[in-house]
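Undergrad: Kindly return the folded structure for what I paste below:
(2 chains)
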Protein chains: 2
Amino acid sequence: MTIDWENYLSDEAKLREPSVMKMMGRFGKIISLGAGLPHPDCFPIKNISIDSLSPNSNFIKTESNSVHMDDKDEKLYEALQYTSGRGTSYLDPWCHDHIEKYHKPKYNDWDSLLSAGATQSLESVLRLLCNSNEDTILSEELTYPAFLETCKPLRIKVIPIKVDSDGACPSSIDYILSNWNELYPNNSLKKPKLFYTMPVGQNPLGSTMPLKRREDIYKICQKHNIIIIEDDPYYHLQLDCLNGSDPLPSLLNFDNDGRVIRFDSFSKILMPGSRCSFITANKVFIEKLTRHNEVNIHSSAAPSQLILHELIKNWDSNGNDGFEKWLNYLKIHYFKRRKLLNDEFEKYLPKKLCCWNFPNSGMFLWIDIIMSQWPIPSNLKLTHIEWVKLLEDTIFDTNVEKGVLLAKGHWFMVDSELDRIGFRATFAFADEIEFSGASERFADSLNSVYEKFYGVKP
Amino acid sequence: MTIDWENYLSDEAKLREPSVMKMMGRFGKIISLGAGLPHPDCFPIKNISIDSLSPNSNFIKTESNSVHMDDKDEKLYEALQYTSGRGTSYLDPWCHDHIEKYHKPKYNDWDSLLSAGATQSLESVLRLLCNSNEDTILSEELTYPAFLETCKPLRIKVIPIKVDSDGACPSSIDYILSNWNELYPNNSLKKPKLFYTMPVGQNPLGSTMPLKRREDIYKICQKHNIIIIEDDPYYHLQLDCLNGSDPLPSLLNFDNDGRVIRFDSFSKILMPGSRCSFITANKVFIEKLTRHNEVNIHSSAAPSQLILHELIKNWDSNGNDGFEKWLNYLKIHYFKRRKLLNDEFEKYLPKKLCCWNFPNSGMFLWIDIIMSQWPIPSNLKLTHIEWVKLLEDTIFDTNVEKGVLLAKGHWFMVDSELDRIGFRATFAFADEIEFSGASERFADSLNSVYEKFYGVKP
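TA: Sure thing, here's the model as predicted:
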């Protein structure tokens, strides 16, 4: 790690220092009248038990495990008491081990840190690196709405990067950064130092960067000295990697500069309610994020940390690789759902009017409306972009009328004038029995909107 | 509520809008291929059971209660799934009811909102109302370090308010605000619109504002149109209000303008690890804070919400007022501890060199070093302030050497040049059996530092 990452910190982050209240834990075993922690006798909860699906029955039956207040390892006590900015002594090292096992960065000075869900990770990282009204950030031209909704109030301008079926195009990044001063003359906009990307099962397009694309993306970011935020909630949902076949290496795995900030989350694989996730990055960034934790969230809620750790520890006991088996179980579950929804789309959707991807990862099918089939109706006096928005809104509203909800493309667009209409459909949430009805309704909606605008059936 | 609180929002908060991903929940019962939530079948946890001290045995024995995945009220499902920015359907209304029961604001348009601990509440409220490098905030001249540590990186200047044994002095607030343009001429500093205060068991001084002081504080803030942040973790630890005798009314209770933003926390009364707290304020502020939650923490972790709610619901079942009984149990616990530590201080501490308060609330004794007894030693060429800091540091270090930790006054000072030396001692955390040893060591430390500087015993 040869880059001095201190220089990349925001004005806010530069001013962060260790919290004195958290420092009081560092004086070792002396009598403490220092930190205002409640005494353990003041915690009314003395045991927490969890019943969870067990790998011993291939996740059909449950098994129980309990954590007692008087257990020697004090796990429950830690889950009830204030924690440090690093979280509990059990889940904190688990995160580090997880990264070591799956992602192995190519440099030494990296670290992981628990946070309160990936959106909280994202906000804290943007505040770590960006000044309001000054910094800018690259992202796929269609991206996660909460990312856009975080950047807007922070007044961080997002610069869209072209995408193809393999995800963000390195050539688009190179073009924009190589021609920055021509594109934004007179220093009207500061050159970006960040690229926010979802390399697996991209939200909303469902695309996954293949190996070569990953290499190219990392290289182009190296060339322009760009920090990569790798938001990767679907890493463990690479649905064609069943039964232990290797998933794609993460961008973090390529990293030898400390330029990748990776987000892992328990939300898509265990329980989103836990608000538990972790950030992996170079130690300069993790140190400042820890300081921020100390005076903000402290850490993700400790009972969540306890429950997640007990669940995984129990699964992995007796040499069982139960956590890996659970991931495989999930992949099979979503593998089936993906096929089911795709089959119903094949059966019902009008292929003249729309087309869609078959994603190899994640939770989303993306349906593009084939614009050449939807010219501006002659009776409407609209610009092209006005028509694009009207058509998307009309299809969306008709979907809702007919009783099916899909997310509409403009929610995901960095540039609201992008010349594209699409819808995101997830196969994760609805009951499988509803996929057929949903597809029929969506097809019905497309056909009836077509008839409404053109007076004929498609 | 006649004030237009929209005008008080920060630039950041003005730009916050509802999150589209969270809006997707609002389309009612149609088939959703919209939001990317995991299917309930993908949650491995099927039951959570808690054993907790029961009011039926005066909190000596535990009782169990369980929450199953297939319970009709779907409480466990809610605790595992994504929540809205308002949190779970059970703890969200509980917070509102709690405020209604204990604090009853004098206006209608108020609301409460769950957050991830009081420090997270504080940061989000400062970001709601303050622009960096521009806004300023009043606080007691000795205050909670995490407040100072939050303001510093956010570049919000803190203006110290004089305190006496009843807490912040209204006359000091009035003087500063009435003479602002003379004190900070040429618009060098923006006039504050906020006052951060801890009216009960103030950290670190342990002071509690009596009724008259509360009236005066509210009035003076009304006069100068100041928003009050009432950080009140020790409200339920008014230790002389045992067995149902009335606690002091909160500042929120006086509020008829919507100018009080109140923080309640479960940390000091149930479990700090939960990272669960709530903010009460006018609906304009709560609306914007909810929007921020949606793209940041979502809410406090849902398993924490479940555990807290089940605990309290179970205590309060069958017409039992178990929660109120628990608060009384806690007050008795800390009442005893306060007396014990004070007795040991009486026994050991050199009253010539120091004096301390006997707080009626909270967790802290504050020990003032009597400066008139500690003149600058003739052999030291120091300014008065250099001596003040040297003496405090020397006592602190000697304490640690002798094996007792107290928090030192300068950690709490808005102005590091304040002419005061003191230490904060908490009676909450150490085992009671250690109070005697701690007091003896602290006394020993004071005496030996005196002897070190003056060559004679005190």
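Undergrad: Name the strands paired with the longest strand along chain A and say parallel or antiparallel.
TA: In terms of residue count, the longest strand belonging to chain A (DSSP state E) is strand A:45-53. Strand A:45-53 has its sheet partners listed here by DSSP bridges as strand A:62-68 (antiparallel), strand B:45-53 (antiparallel).
Undergrad: Which among those strands is found nearest to residue B:147?
TA: Closest approach to residue B:147 among the strands paired with strand A:45-53 (C-beta to C-beta): strand B:45-53, 32.0 Å. C-betas here are computed from N, CA, C, even on glycine.
Undergrad: Might you enumerate the residues of the stretch 201-350 of chain A proximal to chain B?
TA: A:203, A:267-268, A:270-276, A:292, A:294-304, A:307, A:311, A:326, A:330, A:333, A:337, A:341 (C-beta under 8 Å from any C-beta of the partner chain).
Undergrad: can you rerun that using 6 Å?
TA: A:271-275, A:295-297, A:301-304, A:307 (C-beta under 6 Å from any C-beta of the partner chain).
Undergrad: Most widely separated two among those?
TA: A:271 and A:295 (26.9 Å).
Undergrad: Determine which stretch of the strands paired with strand A:45-53 is the most buried.
TA: Among those, strand B:45-53 has the highest mean neighbour count (mean count of other C-beta atoms under 10 Å in any protein chain shown), at a mean of 21.
Undergrad: Over that one, what's the mean pLDDT, rounded is fine.
TA: Throughout strand B:45-53, pLDDT has a mean value of 93.
Undergrad: Give me the distance from that strand to the chain's centre.
TA: 29 Å (C-alpha atoms, centre = their mean, to the nearest Å).
Undergrad: what sits up against it?
TA: Residues outside strand B:45-53 that contact it (C-beta atoms under 6 Å, 6 or more residues apart in numbering or on different chains) are A:44-52, A:62, B:59, B:62, B:64, B:66-69, B:310-311.
Undergrad: helices and strands of chain A: which one bottoms out on pLDDT?
TA: helix A:20-23 (a mean of 77; mean pLDDT, DSSP states H and E).
Undergrad: That one vs chain B: in contact?
TA: Yes - contact of helix A:20-23 with chain B (C-beta under 6 Å from any C-beta) involves A:20-21.
Undergrad: Next, the buried residues of that helix.
TA: Neighbour-count burial for helix A:20-23 flags A:20-22 (criterion: 16 or more other C-beta atoms under 10 Å in any protein chain shown).
Undergrad: cool, and stretch A:408-427?
TA: Buried, per 16+ other C-beta under 10 Å, within stretch A:408-427: A:408-414, A:418, A:421-427.
Undergrad: For residue B:125, state which of these is nearest.
TA: residue A:411 (28.6 Å).
Undergrad: is it true that the closest one touches residue B:20?
TA: Yes - the pair residue A:411 and residue B:20 qualifies as a contact (C-beta atoms under 6 Å) at a distance of 4.5 Å.
Undergrad: For these two, list the residues in contact with both.
TA: With C-beta under 6 Å, 6+ apart, residue A:411 and residue B:20 have common neighbours residue A:145.
Undergrad: Report the distance from stretch A:55-75 to the chain centre.
TA: Using C-alpha atoms, centre = their mean, the offset of stretch A:55-75 from its chain centre is 29 Å.
Undergrad: List of residues touching it?
TA: With C-beta under 6 Å, 6+ apart, stretch A:55-75 has contacts from A:46-49, A:51-54, A:76, A:310, A:314-315, A:320, A:322, A:325, A:329, B:46.
Undergrad: What segments of the stretch 1-150 of chain A are strands?
TA: A:31-32, A:45-53, A:62-68, A:110-115, A:136-140 (DSSP state E, counting those that start in this stretch).
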